[in-house]
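A.B. asks: Fold the following, please.
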Amino acid sequence: MDKRRYYVSVQSKTIMENQGDAAYELEIDATPDEVNQLRNLFDSMYHFDMETYFRMHYPGIPEHYNNDDVLFERDLKNIYRLLHELGTGETKEHIVSMNILD
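C.D. replies: Residues are numbered from 1 along each chain as shown. I've put the predicted structure just below:
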């Protein structure tokens, strides 16, 4: 499959085909399957983010009992690994400079 250029915002969890559609942080070249993989990671990260948000409203649950934080961070690292793999040269350099990858 042919790769196309996409514009990604990790902050807003968006993947756009047109550069001017919205603000973005990173550029990638990806196939539709790779874009779906990235969307699935965004969806999973959002789920664990919401679980953490809801847990905050129940003061009886100790913080160390929160596995959702761990899963959120796992997804975030996997997102940046995939973005590094698919990224343009500038995107790869930026991700390396963040020191988020192991």
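
A.B. asks: The most centrally placed residue in the chain sits in which helix or strand?
C.D. replies: The chain has I79 as the residue nearest its centroid, 4.0 Å off, counting by Cα atoms, centre = their mean. Using DSSP states H and E, I79 sits in helix 67-86.

A.B. asks: continuing past that helix, what's the next helix or strand?
C.D. replies: Assigned by DSSP H and E, the successor of helix 67-86 is helix 89-98.

A.B. asks: Need the contact partners of that following helix.
C.D. replies: With Cβ atoms under 8 Å, 6 or more residues apart in numbering as the test, helix 89-98 has contacts from E25, L26, E27, I28, Y80, L83, H84, G87, L101. (Each C-beta comes from the backbone N, C-alpha and C, glycine too.)

A.B. asks: who touches the residue nearest to the centre of the chain in this structure?
C.D. replies: V10, L38, L41, F42, M45.

A.B. asks: Would you mind checking which of those is nearest to R4?
C.D. replies: Nearest to R4 among the contacts of I79 is L38, at 12.9 Å by Cβ to Cβ.

A.B. asks: How about L82: what's its closest non-neighbour residue?
C.D. replies: Spatial nearest neighbour of L82, excluding adjacent residues (Cβ to Cβ, 6 or more residues apart in numbering): L38 at 5.7 Å.

A.B. asks: ok so, going back, could the contacts of I79 go into CSV alongside distance to M16 and secondary structure?
C.D. replies: Output for these, formatted as CSV (distance: Cβ to Cβ, whole Å; DSSP: H, G, I helix; E, B strand; the rest coil):
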residue, distance to M16, secondary structure
V10, 13, coil
L38, 12, helix
L41, 16, helix
F42, 13, helix
M45, 18, helix
